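Visitor: Sequence and predicted model, in that order:
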Amino acid sequence: MGFKRDIQGKLHYGQSQYDFDEGLMCFIAPRQLVKMIIDKSGIKPSGYLLAFHPDFIWNTPLAKTINNYKFFGYDVNEALFLSEKEEETLIGLFKGIEKEYQSGIDEFTQNIIISQIEVILNYCERFYQRQFITRKKSNHQVLDKLENILEDYFKNDVINKGLPTANYVAESLNISTNYLGSLLKSLTGQTTQQHIHEKLIQKAKEKLSTTELSVSEIAYELGFEHSQSFSKLFKAKTDLSPLEFRKSFN
């Protein structure tokens, strides 16, 4: 994980290429390949990069929780933009790790560095939540696009392809699955899967209240192979079976 300033160039991440001119912070998980091509200029680049082997945190509390930090699965174009104060906070922590690393290794070194890494990760979790809020306009544009994608899918594709997945929705929005999940959780309190199910229940209620289709026919039109699965999900979300809903609505 690292952040940089005053670097102009391109960052190649997988098959994609991103402008890398603005100051930002990104996180690379093991076995992800990244290549940076720097444009030659008179500006001296600065920043920090902290790289550690997965075994370094093995058998520590952080090893059990590091997968909770979803930003290691974000794409580079979903990087974290930092304010000056946020940069100052992180620089202090990076310098603390650097000082500990260079001061001579003893039996306490590893635990001290790991605890500092965990503090950095917790700050970045906070800063990402801030970013979701400060980029409210663009984030709500994502929600609008998501609504249109689901509306179109339930209209044209659900019978042949089944229920949409979180991966399908994220790919349609050109963002990573993890970033979409974090964004929706921040804005709506729901996971991507819960959002899909909410759309499904909305469509089911429309069909139950405005058509004479049987429950089995409605289940088929909503991408279910078995009507029992549809009825079970509908009851879990509404506390009513499809037939009970139809009867109460009528």
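Guide: Yep, it's here.
Visitor: From here on, just use CA atoms for contacts and neighbour counts.
Guide: OK.
Visitor: Any idea which residue is closest to the centre of the chain?
Guide: residue 179 (2.0 Å; Cα atoms, centre = their mean).
Visitor: What are the boundaries of the strands in this protein?
Guide: Along the chain, the segments classed as strands by DSSP state E run 2-5, 9-13, 16-19, 24-26, 34-38, 46-49.
Visitor: and residue 244, how far is that from residue 32?
Guide: For residue 244, the distance to residue 32 (Cα to Cα, to the nearest Å) stands at 50 Å.
Visitor: When those two are compared, which one has more neighbours?
Guide: A direct count of neighbours by other Cα atoms under 10 Å for residue 244 and residue 32 places residue 244 higher, at 12 against 9.
Visitor: Lowest mean pLDDT across the strands of the chain, which one is that?
Guide: When mean pLDDT is averaged over each of those, strand 16-19 scores lowest at a mean of 56.
Visitor: Which residues are in contact with the nearest residue to residue 78 once chain neighbours are set aside?
Guide: Closest residue in space to residue 78, ignoring its immediate chain neighbours: residue 179 at 7.4 Å, by Cα to Cα, 6 or more residues apart in numbering. By Cα atoms under 8 Å, 6 or more residues apart in numbering, residue 179 lies in contact with 70-71, 73-75, 78.
Visitor: One more pass at 10 Å, please.
Guide: Residue 179 is in contact with 70-75, 78-79, 170, 185, counting by Cα atoms under 10 Å, 6 or more residues apart in numbering.
Visitor: Same question for residue 113.
Guide: 56-57, 93-94, 96-101, 119.
Visitor: Which of those residues fall in helices?
Guide: 93-94, 96-101, 119 (DSSP state H).
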